[in-house]
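Novice: quick one, what's the 3D model for this:
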Amino acid sequence: MTVLVVTGTGTEIGKTVVTAAVAAAARAASRSVAVLKPAQTGVAPGEPGDVAEVRRLVGGGVTGEELGRFPEPLAPGTAAARAGLPPVRPPQIAEAASRLAGTHDLVLVEGAGGLLVHLDEEGTTLADAARLLDAPVLVVVQAGLGTLNTTQLTAEALRARGLRCRGVVIGSWPAAPDLAMRCNLADLPKAAGAPLLGAVPERAGALAPEAFRAAAPGWLAPELSGTWDAEGFAAAHR
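Specialist: Below is the predicted model of the structure:
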């Protein structure tokens, strides 16, 4: 696995922190890592975006690249059109990810919003870029009530496009999970048709970078260079 596309079942569910955790675990395993953000929205010129946040948490040794930046916090296609700027299209994403894959062990492509958010006026999406790359997709999901529906919808959209769901990671696992959250540990893999590969604690992004790097492998399964055990985690929360 050289290129891994990271998407979510919606916005504000922890994609960037999960991307940082995957990068940190890979770096701890002595792998070189690049993070590609195709379209950064809702940030002004010169303002730190998601790539900067990943690099802050992971520290040195991570290559970061943006392809497009649009000031309004909207879907990339809409934000580009309103700003009068050219959109970022799937072939650009595939070319950049392939180029980075030539010099890195792992390239993480972090999308904006969910899988089918439009990148341009033609309605192309991150899924189209993943198909061009023939890359697996990691889905970041919510912990609580409603997540099974959005997870299954995303998984079905991936399968309909011939894309592989590498697994799901819970983007924000609370210190005191409720009944639905605890039950979802068993039900999420069924909804996704793919394994549960981690659970990142809530407010993990507020940790000091050194603490984040030290803890990250413990939040992710071995498939993502971590040590997290899905069965043991679920058993501890029954």
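Novice: how close does the closest residue to V43 other than its chain neighbours sit to R159?
Specialist: Once flanking residues are discounted, V43 sits nearest to G49: 4.8 Å by C-beta to C-beta, 6 or more residues apart in numbering. Quick note: C-beta positions are derived from backbone N, CA and C, even for glycine. Remark: distance between G49 and R159 (C-beta to C-beta, to the nearest Å) = 31 Å.
Novice: between those two, which has more neighbouring residues?
Specialist: The neighbour comparison of G49 against R159 (other C-beta atoms under 10 Å) goes to G49, with 17 against 13.
Novice: you'd agree the more buried one is up against E66?
Specialist: Yes - between G49 and E66 there is a contact under C-beta atoms under 8 Å: 6.5 Å.
Novice: what touches both of these two?
Specialist: Residues touching both G49 and E66 (C-beta atoms under 8 Å, 6 or more residues apart in numbering): K37, Q40.
Novice: packing partners for the host helix or strand of E95?
Specialist: Here E95 sits within helix 90-101, counting by DSSP states H and E. For helix 90-101, the elements it packs on are strand 3-8, strand 33-41, strand 62-70, strand 106-114, helix 126-133, judged by 3 or more C-beta pairs under 8 Å, 6 or more residues apart in numbering; DSSP states H and E.
Novice: could you dump these into TSV with mean pLDDT, distance to P189 and mean neighbour count added?
Specialist: Formatted as TSV, these follow (pLDDT from 0 to 100; distance: least, C-beta to C-beta, whole Å; neighbours: other C-beta atoms under 10 Å):
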stretch	mean pLDDT	distance to P189	mean neighbour count
strand 3-8	98	17	25
strand 33-41	97	26	25
strand 62-70	96	29	19
strand 106-114	96	20	26
helix 126-133	98	21	23
